[in-house]
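K.L.:
need a structure here:
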Amino acid sequence: MSKEELLETHEIGQGQTRLIYPTNRIIISNAFHNANKLRRVQSRSEIYDINVKDFANEKIEYLRPYFEEIYTQRLKSPIDRISEDFKKNKINIVGKLGETFANPEEIEQKIFILLQEYGFIDKSLNSFQEIKDSLDRFFMPKKNKEIINEITVKNLFEIIKSIKELYVNNSYKRLYQTNQVLKNSLTGNVEFYSKLALFTELYEAKILNTSKEDSFVECIQCEHLTYKGVLQIKTSPQNLENLKCPFCNTELTYFVPYELNTEIYEVVKSKDGLLLDAFCNTLLENEINFSINDKFLGDIEVDCIFEDESKKYVAEVKMYKLNTTIEKLKSKVRNHFGKLKEDAERLLTLPEFQKKELIPILLINFQDNNFIDELQAELKLANKDELSQNIRILNLIQIKEMLIAYD
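P.N.:
The predicted model follows:
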């Protein structure tokens, strides 16, 4: 599995400037082994998002005249005065600002004078404390006050609450959108509870840890918003199935973030991910000397090189996205087969690669041996030259079998 499929990813920019980067967050959820449950979660979330936005816009429109009146009463005249002065004499404005901040000991006094000069504060005020007291009186809610009263304050707090709810709901949507990639990559013939057992083993081995990020739970059997919450969950994945609705006692739909051990995460997000690391460990277990990321001829980087008495192996490691079609996967493997052949041909011009038979290896993360064997036969049928016949497309299990024979 590629790092983009295992970890949550973010995108910045578009086209050639688009940057995709992973974050150390893996979402475990029970929403995806039931298509109806997932659709219900998505539908509720989208409808709720629309309702909250409409509510917030309604409150903003209600408060708009009050904001405009505050602007007219308190800010319009001073801002117009500054704008006129700037148009008439830009240097004078810049000079005033420079004079204000020139002497650190007089900054407070100079700012005070500047605010009075342009009418931001009344000339009867003599200190910043008096300014604060004046603003407190102006913004203090009162029943019969035209601008700031209990109704406008209530509407303002409802807008703030709506903004918070939109943020929370957006975070919720990001969880199920991220986890859908993880689900598609891991399922296939693997049942949900088998995945949960796998994550539990990773948790117990301290490869997977709980996250400080928020978890989301919801009962989709009850009426919408009957039981829905954002909370911190710190427990083993095997305990998540114990989350029950207090009203109907059915299993809650949950989205719980976990994170990888820091060292494992660094390996996963590296260029070749876990596959190269696992390959190197396999070589170490078999007491085979190797080198990684060696560069040749300026633009060729070999992921891993090892050798025996008669052969020299150059391995190219490729982590493919498994959440794709077989044809797209075949196309990518064909392209990398061709690139590996081109690089191998150039390496053979170097003396150090002429002493032994060169065996290029394309190590991939696809576990279907039949798929690999069929594609390998197809490529060798189309490429009859000796070097192409020597290229081996293998997964990690096949590499281990090859190394047994190597011994």
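K.L.:
give me phi/psi at the residue lying farthest from the centre of the chain?
P.N.:
Relative to the mean C-alpha coordinate of the chain, counting by C-alpha atoms, centre = their mean, the farthest residue is residue 124 (54.1 Å). Reported as degrees, to the nearest 10, the phi and psi values for residue 124 are phi -80, psi -10.
K.L.:
looking at it now. What's its pLDDT?
P.N.:
The pLDDT attached to residue 124 in the predicted structure is 78.
K.L.:
so where's this structure shaky on pLDDT?
P.N.:
Flagging of the chain using pLDDT under 70 yields the residue ranges 1-6, 10, 20, 32-35, 135-149, 176-191, 271-272, 405-407.
K.L.:
and the strands in it?
P.N.:
In the chain, strands defined by DSSP state E lie at 8-12, 19-23, 26-29, 208-210, 215-218, 228-231, 253-260, 291-296, 300-307, 311-318, 357-364, 392-394, listed in chain order.
K.L.:
not counting its neighbours along the chain, what's nearest residue 333?
P.N.:
Sequence neighbours aside, residue 375 is the residue nearest to residue 333 in space, at 5.9 Å (criterion: C-beta to C-beta, 6 or more residues apart in numbering). The way it works is simple: take the backbone N, C-alpha and C, and place the C-beta from them, glycine included.
K.L.:
does that neighbour touch residue 393 like I think?
P.N.:
Yes - proximity of residue 375 to residue 393 meets the contact threshold set by C-beta atoms under 8 Å, at 6.6 Å.
K.L.:
anything in contact with each of these two?
P.N.:
Contact with both residue 375 and residue 393 is made by residues residue 333, according to C-beta atoms under 8 Å, 6 or more residues apart in numbering.
K.L.:
these two - which one has more neighbours?
P.N.:
Here residue 375 and residue 393 are compared on neighbour count by other C-beta atoms under 10 Å; more neighbours surround residue 393, at 23 against 20.
K.L.:
distance of the more buried one from residue 333?
P.N.:
In this structure, residue 393 and residue 333 are 7 Å apart, going by C-beta to C-beta, to the nearest Å.
K.L.:
before we move on, what about residue 264?
P.N.:
According to C-beta to C-beta, residue 264 stands 27 Å off from residue 333.
K.L.:
per the annotation, how does this protein divide into domains?
P.N.:
Annotated domains of the chain cover 3-33+187-260, 52-160, 270-406 [automatic domain parsing].
K.L.:
so which of the ones you listed gets nearest residue 42?
P.N.:
Taking C-beta to C-beta as the measure, the domains of the chain were each checked against residue 42, and domain 3-33+187-260 came out nearest at 9.0 Å.
K.L.:
rewinding a little: residue 264 and residue 333: which is more packed in?
P.N.:
Taking residue 264 and residue 333 together and counting by other C-beta under 10 Å, residue 333 has the greater number of neighbours (21 against 18).
K.L.:
residue 336 touches residue 362, doesn't it?
P.N.:
Yes - the pair residue 336 and residue 362 qualifies as a contact (C-beta under 8 Å) at a distance of 5.9 Å.
K.L.:
which one of the two is surrounded by more residues?
P.N.:
residue 362 (21 against 16).
K.L.:
which residues touch that one?
P.N.:
Taking C-beta under 8 Å, 6+ apart as the definition, contacts of residue 362 comprise 315, 316, 318, 333, 336, 337, 340, 391, 392, 393, 394.
K.L.:
now residue 317
P.N.:
When contacts are counted by C-beta under 8 Å, 6+ apart, residue 317 touches 272, 275, 276, 279, 303, 304, 363.
K.L.:
so how far is residue 206 from the second one?
P.N.:
Counting by C-beta to C-beta, the separation of residue 275 from residue 206 is 22 Å.
K.L.:
which of the two has more neighbours?
P.N.:
With neighbours defined as other C-beta under 10 Å, residue 275 and residue 206 compare such that residue 275 has more, 22 against 9.
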